[in-house]
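Novice: My questions are about this predicted structure, shown below with the sequence.
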Amino acid sequence: MALIPSFFGGRPSDLFDPFSLDLWDPFFTAGETSAFMSTRVDWKETPEAHIFKADLPGLKKEQVKVEVEEGRVLQISGERSKEQGEKNDRWHRVERSSGKFLRRFRLPENAKLDQVKASMENGVLTVTVAKEEEKKPMVTAIDISG
């Protein structure tokens with residue numbers, strides 16, 4: 001588990017740092033350089049799950065792949081095809097991205113890798129990774145004799 005270094009003394013704290021991946025670049029783009037370099041992903045943690053939301057406007061669920069790789073890595077990838085115009089079309093501006101994208105996130109130890117669900121609605125991909133229940137320390141009361 002990656003740990004965030006403490007600002008006081010340089011020793012690691014017990015906070016999980018999801019952005020300290022041993023992977024190359026979380027913004028890695030395969031293929032065309034005009035690809036979804038700016039694919040935005042939000043990650044929040046609730047008491048029950050880790051929830052990822054990615055803005056993927058114009059994509060269908062068949063164009064997106066969600067996988068959990070070895071090493072507890074959630075991978076979201078896909079591709080938007082470049083729009084083909086007619087021979088006589090004259091483009092005045094092309095601003096929408098096309099090409100492949102790939103985002104990776106290292107999941108913390110409390111993620112249940114066998115309970116990952118994904119849904120796509122209105123161009124927003126939502127990936128929910130269930131969490132294990134937090135283990136509470138066992139406290140046993142001891143009778144005092146005498």
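Specialist: It's in.

Novice: Excluding sequence neighbours, find me the nearest residue to the residue nearest to the spatial centre of the chain.
Specialist: Nearest residue to the geometric centre of the chain (Cα atoms, centre = their mean): Phe105, 4.6 Å. Leaving aside its sequence neighbours, Phe105 sits nearest to Leu74 (Cβ to Cβ, 6 or more residues apart in numbering; 4.7 Å). (Glycine included, C-beta is placed from N, CA and C.)

Novice: number of nearby residues for Leu59?
Specialist: 19 (other Cβ atoms under 10 Å).

Novice: Please read the previous query as pertaining to Thr126.
Specialist: Thr126: 14 neighbours (other Cβ under 10 Å).

Novice: wait, what's in contact with it?
Specialist: Thr126 makes contacts with Ile51, Phe52, Lys53, Ala118, Ser119, Met120, as judged by Cβ atoms under 8 Å, 6 or more residues apart in numbering.

Novice: One more pass at 6 Å, please.
Specialist: With contacts defined as Cβ atoms under 6 Å, 6 or more residues apart in numbering, Thr126 is in contact with Lys53, Ser119.

Novice: Name the helix or strand of the chain that has the lowest mean pLDDT.
Specialist: Across the helices and strands of the chain, the lowest-confidence element by mean pLDDT, DSSP states H and E is strand 3-5, at a mean of 47.
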